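Peer 1: Got a predicted structure plus its sequence, pasted below:
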Amino acid sequence: MQANSVLRGGRGVGMMRGVMSEQDAESSVPADVLTAAVREGFARAGFAEADVPGGLSVVATANPAFGDYQCNAAMPLAKAVGRAPRRIAESVIAALPAHPCLGRAEAAGPGFINLFLDDAWLCKQGAALGTDPRLGVPRTGRGRTIVMDYGGPNITKPLHIGHLRSPNIGGALDRMYRLLGYRVIADSHLGDWGTQFGITIMGYREYGDAEAMERAPMEELERVYVKSYERSRRDEAWLTRCREELVKLQAGDAENTALWKRFVALSLEELDRIYGRLGVSFDLVRGESYYRDRLRETVAVLRERGLARPSEGALAVFLEDEKLPPCIVRKSDGGFNYATTDIATVMSRVEEFQPDRIVYVTDERQQLHFRQVFAICRRLGYDTALEHVWFGLMRLPEGTFSTREGTVIRLEALLDEAERRALAVVQAASPDMPAARQAEVARAVGVGAVKYADLSQNPQSVVTFTWDKALALDGNSGPYLQYAYARIAGVRNKYDARFPGRDPETEPLRLSEPVERELLIRLVRFPETVRRAAESGKPSIVTDYLYDLAQVYSAYYQAVPFLKAPAGLRESRVRLGGVTARVLRRGLELLGIEVLERI
RNA sequence: ACCCCGGUAGCUCAGUUGGACAGAGCAGCGGACUUCUAAUCCGCAGGUCGCGCGUUCGAAUCGCGCCCGGGGUACCA
């Protein structure tokens, strides 16, 4: 496959990014520090962690009245050791080790242990975030490699709105893992070697229009595919011929290979253009075809190991032990399918990269497929962690979209409309801005809105697409966050203009209003938020966090004077805004959303 | 028939894996721009967490049984 601009340019796959944090050795993630402290408290008070059902840890509180973090372990422990939970909580609190992070602790209710972060530590920690390029995120993945498999659509068809989710969610997780210190290899596993080529080749020969192919190739390819596919549904002989064309292609037939190359090249142009608009790029773009020469050998290995055996003319792996249906690895016509390719792909990736994990980001329909593939890989002896992060299908209010019924919305049309709507808002809000700049802002805001609308939902829920939801510009939306960021940048610029030569960073952070503490607590929770989002495969955890952060900042900004505050306090507030901006920027970058200094 | 998801305010969705009184955004109503960006902020109203049993100090969250919706179940991917 040709290299193309979807590839990440210039960056060595194995290179560590960013600057090492000075504080790497000692974690400053509040949840970690407090969990360690509480563990020690329980131990010193004479309780064994093993007695605590569900383990010992702290969680952020929902209500600031109950502290910043709470530990609930005293209550489940009570029964095991036969003591009153409240007493347990009190004795643990008495035994807690001193730590600069921990301000105070108190027992509450039936046996909650409420923990308050120390104000001075909060200020110091918040200030540190202002210079730490990692914003306190620990390198939990240091020395480990993840292959991320996402954003690999079946080609020869135009991308529609349903194709947004994989690169969007996958890309966000990819960047989070990199920030967490993993070596990440992002691979777009294009569907370029399957049955759809047999169907497309037959359709092209029978129905193809040379002139349309010149003018609008992707539309034409889709048109002939649909015609051929429909015919295959009612014409058994046609379907058989489609399959034969695929087998010929897979066997290296010259004419089919030439057609295939042409279709792939056209598809990559389209993919390149749209992924370019979305800012999506990969370390590798290896389609299924990359593994074509390994398929025969893969099946041979499965046979040697006694895993695959003939069944109804095909070759299948039976997975009764895993309570899974049989998995076909070679069709009765001799052709190979998706499962064969995916097994070969695991083999290849393990050989080449020795990954600790391979993470696949696809839609929910592939759950069974991956369970089968993973089971087969385990039987082959691979101990690489194989994970399937799946997301719900995108639907329209009237149901699933269908090419035949013309209810497909093309991804490019969505991006166009997003930019159009954003431009109208920019023109209304910033009439003085040069037109070229307005267009640039509209582009970033429009794409940001589309991405955010998708990422802010739990991936595993079905997304019902509506224009107004996908293009929301206010409320819990990407533009809201971009606006919050731009406002902070505006304050900083005004500060620099009005107080030339002064540097807010030389003043300590102060807590003069309760909301400042609220803001600071959120800021220091960035690391644990990123970690939780990555490990649970849910970028929505980051969007929720950022939205909450921006809301608290906006309320703060609206309620108290910044530039008109007394000297000292003024610097503290500008500085706190600056830290907030850094977190917003980093968070939005993780989501693949651009930030702008002025919108 | 079986397997996997989902059901929370009028609508769209959160809910940190069992914690304290269930939260946002839209939409609705009422306020705040001669002032650091009003793409904003403040307030009001809005709930049988699909239904029923159960588990326990404690359930939207866990178990069982139903009801609705989506997806999947060997030669598509």
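Peer 2: That came through fine.

Peer 1: Run the contact check for stretch A:131-151 versus RNA strand B.
Peer 2: No - judged by Cβ under 7 Å from any atom of the strand, stretch A:131-151 stays clear of RNA strand B, getting no closer than 12.3 Å. All C-beta atoms are positioned from the backbone trio N, CA, C, and that covers glycine.

Peer 1: So for that stretch, what gets flagged as buried?
Peer 2: Of the residues in stretch A:131-151, A:132, A:134-141, A:144-151 count as buried by neighbour count, 16 or more other Cβ atoms under 10 Å.

Peer 1: out of these, which are inside strands?
Peer 2: Counting by DSSP state E, the buried residues of stretch A:131-151 place A:145, A:146, A:147, A:148, A:149 in strands.

Peer 1: and the closest residue to the last one other than its chain neighbours, what element?
Peer 2: Taking Cβ to Cβ, 6 or more residues apart in numbering as the measure, residue A:149 lies nearest to residue A:360, with 4.6 Å between them; neighbours along the chain are not counted. Taking DSSP states H and E as the criterion, the element that holds residue A:360 is strand A:357-363.

Peer 1: Can I get the helix or strand immediately after that strand in the chain in CSV, CA atoms only?
Peer 2: Once the chain leaves strand A:357-363, the next helix or strand it forms, by DSSP H and E, is helix A:367-379. Only the C-alpha atoms of helix A:367-379 are listed here, as CSV (Å, rounded to 0.1, in the frame of the first residue of the first chain):
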residue,chain,number,x,y,z
GLN,A,367,-18.4,-8.3,19.5
LEU,A,368,-18.9,-12.0,18.7
HIS,A,369,-16.3,-11.9,15.9
PHE,A,370,-13.6,-10.6,18.3
ARG,A,371,-14.5,-13.0,21.0
GLN,A,372,-13.9,-15.8,18.5
VAL,A,373,-10.7,-14.3,17.2
PHE,A,374,-9.4,-13.7,20.8
ALA,A,375,-10.3,-17.2,21.8
ILE,A,376,-8.4,-18.7,18.9
CYS,A,377,-5.4,-16.5,19.6
ARG,A,378,-5.4,-17.6,23.2
ARG,A,379,-5.5,-21.2,22.0
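
Peer 1: now the angle between strand A:357-363 and the helix or strand just after helix A:367-379, please.
Peer 2: Downstream of helix A:367-379, the next assigned helix or strand under DSSP H and E is strand A:385-391. Inter-element angle recorded for strand A:385-391 and strand A:357-363: 20 degrees (by axes from the mean of the first three to the mean of the last three Cα atoms, to 10 degrees).

Peer 1: For strand A:385-391, what is the distance to the chain centroid?
Peer 2: Relative to its chain's centre, strand A:385-391 lies at 12 Å (Cα atoms, centre = their mean, to the nearest Å).

Peer 1: cool, stretch A:90-100 as well?
Peer 2: For stretch A:90-100 - counting by Cα atoms, centre = their mean - the centre lies 38 Å from the chain centre.

Peer 1: Could you find the closest non-adjacent residue to the residue of the stretch 251-400 of chain A found nearest RNA strand B?
Peer 2: At 2.7 Å from RNA strand B, residue A:331 is the closest residue in the stretch 251-400 of chain A, using Cβ to the nearest atom of the strand. Nearest residue to residue A:331, sequence neighbours excluded (Cβ to Cβ, 6+ apart): residue A:314, at 5.5 Å.

Peer 1: contacting residues around the one you found?
Peer 2: A:328, A:330, A:331, A:332 (Cβ atoms under 8 Å, 6 or more residues apart in numbering).

Peer 1: State the pLDDT value of it.
Peer 2: We have a pLDDT of 95 for residue A:314.

Peer 1: Also residue A:10?
Peer 2: Note for residue A:10: predicted pLDDT of 36.

Peer 1: Next: residue A:393.
Peer 2: For residue A:393, the predicted pLDDT is 88.

Peer 1: My understanding was that it contacts residue A:401; is that so?
Peer 2: No - counting by Cβ atoms under 8 Å, residue A:401 is not a contact partner of residue A:393; they are 9.8 Å apart.

Peer 1: quick one: contacts for the residue of the stretch 251-400 of chain A closest to RNA strand B?
Peer 2: A:243, A:314, A:337.

Peer 1: Phi, psi for it please.
Peer 2: For residue A:331, the backbone dihedrals (degrees, to the nearest 10) come out as phi -70, psi 160.

Peer 1: Top of the contacts of residue A:314 by number of neighbours, please.
Peer 2: Of those, residue A:330 is surrounded by the most neighbours, 23 neighbours in total, counting by other Cβ atoms under 10 Å.

Peer 1: Hmm, it is touching residue A:299, no?
Peer 2: Yes - with contact defined as Cβ under 8 Å, residue A:330 reaches residue A:299; the gap is 5.3 Å.

Peer 1: Which secondary structure state does residue A:449 sit in?
Peer 2: helix (DSSP: H, G, I helix; E, B strand; the rest coil).

Peer 1: so who does it touch?
Peer 2: A:418, A:422, A:470, A:471, A:472, A:473, A:477, A:478, A:479.

Peer 1: and the contacts of residue A:314 as JSON lines, adding pLDDT and secondary structure?
Peer 2: Below are the contacts of residue A:314 laid out as JSON lines (pLDDT from 0 to 100; DSSP: H, G, I helix; E, B strand; the rest coil):
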{"residue": "A:328", "pLDDT": "96", "secondary structure": "strand"}
{"residue": "A:330", "pLDDT": "95", "secondary structure": "strand"}
{"residue": "A:331", "pLDDT": "93", "secondary structure": "coil"}
{"residue": "A:332", "pLDDT": "94", "secondary structure": "coil"}
